[in-house]
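J.: pasting the structure only:
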């Protein structure tokens, strides 16, 4: 069969893989992905055949997967977290128009907004927005606009890609925009190395977050006006009566 | 051990359960939940002990779980989708202050925004907002405000609880608000019975969605300005160059 499955592998640890994702990977002739994610999968499926590329080689990687599929293979493209949330699903569909005989299948996974949320407690217990601070593919002005609107709407907010070598001050900038709409003591949290060795989380105020440096392995959460701290966990109530 | 694990079981089908969630359920002395979700779990874990309550009995249910845990049991509270996204995680933390000896643990799951997205293709391939249209616990004015702001920011939007017996016209109202900011031909989609028998999806324009009636087993997706239809799938490009 000629097929490409885009598979969300969750935060990395085999435990957070869905049973469907595991079966799809096991049934693949070839597993393709960014080197770092391929290495995570190799740990629990060492016997498979793998192909990987480096960062920013997304188009090459997905073309390679479609090419191998059109030769008659079942190929899995692995994505950290979910297949669709800043993942490869969209790109594979876009490129698939040149490979009409290849069947595409998407296997969802636990994205960092969910796995990080579980570590922090219940930070996104109400309406939320997910925004990437990476301006590699999105104009920074649009990111700023979305931050301001999400702040104004008192959404819980989850920030992906909050930092990189070239963007050390982006989280600070984001917090400054949010502080125009949210109070300084808004409960925030961040999680590093979710589901992997060295996992750690911190809970702090939006004011403190503004002056915190995080790395690219970190996911950041900003609460809404009702978010509180309970027993060192970040909790956004849904609003049930009688609590 | 005295513990309550709040477990996201995904859309219902065992295949979309994480390995961690399955192990947690298997290790529980007791599984507590809304009747409908408990029945889904019973299908693949028939040998466990179960306790369930009806809809709107969330506070009773979580108190019951904490009570049973404080008597020395390991209890799982099951949530459809994720444990935290409109799930029971927050409520369990809120109620846990009366049970200081009970340990709380959150096991994430594949929420409908991710499982539905996989069925439709790649609708949330860029920044997105998740909004519930249920006004049982949230004032409708706040929901309207969030819809308008998410529309203005050109977020991809996922709507939970788009309809119920008492709220037949809420999706129409939501679309009318979004149409003030998004074009009539914005690509939208909805999925019914995700991962269960009778799963179906439809792709349509925002104008058409406005006049569509959906039921409470449906999750709705509204694209951003770049969302397109490829081979009957809903695809929001991330913006990679060279495609």
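T.: Yep, it's here. Predicted, not measured: the structure shown is a model, and the values here were computed from it. Numbering: from 1, shown residues only, chains lettered A, B, ... in the order given.
J.: quick one, strands of chain A?
T.: A:3-8, A:30-34, A:50-53, A:74-79, A:103-107, A:121-122, A:128-132, A:156-160, A:187-192, A:200-205, A:218-222, A:228-230, A:233-235 (DSSP state E).
J.: Within its sheet, name the partner strands of the fourth one and how each one runs.
T.: Looking at strand A:74-79 with DSSP bridges, its partner strands are strand A:3-8 (parallel), strand A:30-34 (parallel).
J.: Please apply the same query to the last one.
T.: Based on DSSP bridges, the pairing partners of strand A:233-235 within the sheet are strand A:121-122 (parallel), strand A:228-230 (antiparallel).
J.: out of the strands of chain A, deepest packed?
T.: Mean neighbours per residue, mean count of other C-beta atoms under 10 Å in any protein chain shown, is largest over the strands of chain A for strand A:121-122, with a mean of 30. Where you see a C-beta, it was placed from the backbone N, CA and C, and this is true even at glycine.
J.: Surely residue A:7 touches residue A:109?
T.: Yes. Counting by C-beta atoms under 8 Å, residue A:109 is a contact partner of residue A:7 at 6.9 Å.
J.: tell me, what's touching those two both at once?
T.: Common contacts of residue A:7 and residue A:109, defined by C-beta atoms under 8 Å, 6 or more residues apart in numbering or on different chains, comprise A:21, A:79, A:83.
J.: I'd like those as TSV, with pLDDT appended.
T.: What follows is those, written out as TSV (pLDDT from 0 to 100):
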residue	pLDDT
A:21	98
A:79	97
A:83	98
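J.: what would the strands paired with strand A:233-235 look like in JSON lines with mean pLDDT?
T.: Below are those laid out as JSON lines (pLDDT from 0 to 100):
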{"stretch": "strand A:121-122", "mean pLDDT": "98"}
{"stretch": "strand A:228-230", "mean pLDDT": "98"}
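J.: domain assignment for chain A?
T.: A:3-110, A:113-235 (automatic domain parsing).
J.: Adding distance to residue B:145, write these out as a markdown table.
T.: Output for the domains of chain A, formatted as a markdown table (distance: least, C-beta to C-beta, whole Å):
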| stretch | distance to residue B:145 |
| --- | --- |
| domain A:3-110 | 25 |
| domain A:113-235 | 6 |
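J.: which one of those domains lies closest to residue B:38?
T.: Across the domains of chain A, residue B:38 has its closest neighbour in domain A:3-110 (19.4 Å, C-beta to C-beta).
J.: what's the first-to-last distance across that closest one?
T.: With C-alpha to C-alpha, to the nearest Å as the measure, domain A:3-110 spans 23 Å from end to end.
J.: chain center to that domain, what's the gap?
T.: Computed by C-alpha atoms, centre = their mean, to the nearest Å, the chain-centroid distance of domain A:3-110 equals 15 Å.
J.: can you list the strands paired with strand A:74-79 in JSON lines and add mean pLDDT?
T.: Shown next, in JSON lines, are the strands paired with strand A:74-79 (pLDDT from 0 to 100):
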{"stretch": "strand A:3-8", "mean pLDDT": "98"}
{"stretch": "strand A:30-34", "mean pLDDT": "97"}
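J.: I'd like these as a markdown table, with distance to residue A:136 appended.
T.: Listed next are the strands paired with strand A:74-79 as a markdown table, based on distance: least, C-beta to C-beta, whole Å:
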| stretch | distance to residue A:136 |
| --- | --- |
| strand A:3-8 | 20 |
| strand A:30-34 | 14 |
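J.: Compare the ones you listed and give me the one nearest residue B:142.
T.: Taking the strands paired with strand A:74-79 one by one with C-beta to C-beta, strand A:3-8 is closest: 31.2 Å.
J.: What is the nearest of the shared contacts of residue A:7 and residue A:109 to residue A:208?
T.: residue A:79 (31.9 Å).
J.: That closest one bridge partners, please.
T.: Going by DSSP bridges, residue A:79 forms beta bridges with residue A:8.
J.: hang on, it packs against residue A:6?
T.: Yes. Using C-beta under 8 Å, residue A:79 is in contact with residue A:6, at 6.5 Å.
J.: which residues are in contact with both of these two?
T.: A:87, A:88, A:89.
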